[in-house]
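Novice: fold the following and give me the result.
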Amino acid sequence: MSADLETRFVEGGGKVKGEWEGECYFGHNNLFGSFENLGIKSKRNPTDPIPSFRLNYGDSKLGNPGGYEVDVFSDYIGGGGEEENIKKLNEWPKMPSIAGVLGGFKRKSNEVESVYDATDTTTDTATETETTEATTDREIITKPGNPGDAFARRGVSYTLKKPFSKICHNSEVTSSVEQTSTNAGDKEYLASVNVELGPVVSNLPGGLGRHSLVTRVDVGGRLSEEKTVTPYTSTTVINKDIIPLTSSTLKDPVVIASKTGMVVCGEGMPGWEMKRKGGECRIRGYRGLGEVSQAVSGTLELRIPTNIQKKVLKNSSVLFFVDGCLTRPGKAPEEKEAKLFEKKYCAGVGARVGIMGIPLKVDLGLNKEGEVVRSVALGGDFQI
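Specialist: Predicted coordinates for the structure are as follows:
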């Protein structure tokens with residue numbers, strides 16, 4: 001798939017979590033002859049009205065130990081309510097606009113309520129005015145930053161690699177400026193700085209295994225069209241451990257792998273950003289955690305290699321897993337008896353196999369609601 005494997009490469013992939021999601025990536029590791037990196041990535045879900053696109057360029061110049069990277073991006077971020085509204089598509093008497101499919105919600109006194117009206121609009125005597133009003137009712141008429149509003153984000157980011165190499169081998173500082181927009185046409189501008197330390201890798205006491213820790217801190221501000229500024233912060237901590245149960249001298253020992261995550265978002269964090277932060281604590285058995293202000297998650301896996309080494313099938317293994325998380329929604333519960341925290345969990349079995357050098361993973365599990373869930377994806381499990 002590539003004319004020069006050392007410098008140019010193309011990657012593609014997809015995953016099934018109830019539906020397909022496709023991704024394509026083109027990269028060049030020596031663009032101008034001094035090991036400059038160029039990457040172009042495109043991703044899209046069948047229900048996304050627009051694809052997500054990212055252009056990345058980086059090299060080791062500017063005197064920084066790890067060099068720098070510049071990203072130009074345009075991402076579809078949704079915001080919530082898409083599944084419910086797409087499901088209602090067959091209920092609507094007339095084909096709605098894209099904004100209606102993705103929106104369909106109206107904000108009133110900070111409460112989201114459906115504005116779908118079951119009134120019969122299928123009569124032949126319906127006027128053009130009535131049709132226009134019905135379509136308008138299904139569109140989002142809210143302010144950006146609230147759940148269910150955000151549609152896309154576009155901007156640029158600049159990242160310094162290993163700026164704190166004297167105190168931490170792996171570190172990054174990223175500054176970004178971007179614009180978010182809603183289906184209703186509202187816009188909001190954001191500027192933020194992200195500091196990441198890690199992964200900091202070390203051996204567990206007694207040489208039992210390996211340990212990894214990553215800490216991220218975000219500080220930013222939102223500027224609305226009304227010229228009001230809202231600051232926000234967030235903190236993320238990801239911890240990983242891998243403990244061999246058989247001799248670590250073996251190529252593929254039996255191991256116990258664990259991963260824990262914690263996310264805390266301060267007031268003022270945009271709803272779509274809280275949704276993205278919740279992805280740091282995502283577990284199997286659920287499409288996502290939604291918008292969360294606080295989340296704690298844990299994963300425990302028993303990985304057992306099968307040692308099947310065929311010409312086509314290699315590096316195969318089976319695993320047993322238990323995932324769980326505790327989340328607090330990004331907005332206060334509307335009901336007085338609603339729980340401040342919600343728990344989710346999933347347990348099951350998985351298979352890993354390399355097919356002609358392409359890693360494939362399949363998981364089958366049972367979640368808290370008693371649903372049998374499955375996922376198929378390209379890629380390997382986390383390592384240290």
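Novice: where does the protein have low pLDDT?
Specialist: For the chain, the stretches flagged by pLDDT under 70 are 1-21, 62-64, 78-150, 248-250, 308-313, 331-339.
Novice: mind giving me the domain ranges of it?
Specialist: Taking automatic domain parsing as the reference, the chain has its domains at 82-137, 146-378.
Novice: wait, is Leu289 part of a strand?
Specialist: No. Membership of Leu289 in a strand is not supported by DSSP: H, G, I helix; E, B strand; the rest coil, which gives coil.
Novice: my guess is it contacts Lys277. True?
Specialist: No. No contact is recorded between Leu289 and Lys277 when judged using CB atoms under 8 Å, the distance being 9.2 Å. The C-beta positions use only the backbone N, C-alpha and C, and glycine is treated the same way.
Novice: coming back round to it: highest average neighbour count across the domains of the chain?
Specialist: Highest mean neighbour count among these (mean count of other CB atoms under 10 Å): domain 146-378, with a mean of 17.
Novice: coming back round to it: joint contacts of Leu289 and Lys277?
Specialist: Ala295 (CB atoms under 8 Å, 6 or more residues apart in numbering).
Novice: that older thread, and Leu55, which of the domains of the chain is closest to it?
Specialist: Nearest to Leu55 among the domains of the chain is domain 146-378 (9.5 Å), distances taken as CB to CB.
Novice: quick check: Gly266 vs Gln294, distance?
Specialist: Gly266 sits 10 Å away from Gln294, taking CB to CB, to the nearest Å as the criterion.
Novice: list the beta-bridge partners for Ala347.
Specialist: On DSSP bridges, the residues paired with Ala347 through beta bridges are Val322, Leu366.
Novice: who's in contact with it?
Specialist: Ala347 makes contact with 321-323, 365-366 under the criterion CB under 8 Å, 6+ apart.
Novice: just send the residues you listed back as JSON lines, with distance to Gly207 too.
Specialist: Written out in JSON lines, the entries for those read as follows (distance: CB to CB, whole Å):
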{"residue": "Phe321", "distance to Gly207": "25"}
{"residue": "Val322", "distance to Gly207": "26"}
{"residue": "Asp323", "distance to Gly207": "28"}
{"residue": "Gly365", "distance to Gly207": "32"}
{"residue": "Leu366", "distance to Gly207": "36"}
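Novice: now, which of those sits nearest Tyr345?
Specialist: Asp323 (6.3 Å).
Novice: how about the secondary structure of the closest residue to that closest one other than its chain neighbours?
Specialist: Here the nearest residue to Asp323 in space, its sequence neighbours aside, is Ile283; by CB to CB, 6 or more residues apart in numbering that works out to 3.7 Å. Under the three-state scheme (three-state DSSP), Ile283 adopts coil.
Novice: what about Ile283, distance to Tyr76?
Specialist: Here the distance between Ile283 and Tyr76 works out to 23 Å (CB to CB).
Novice: ok, Arg54 next?
Specialist: From Arg54 over to Tyr76 the distance is 12 Å, taken as CB to CB.
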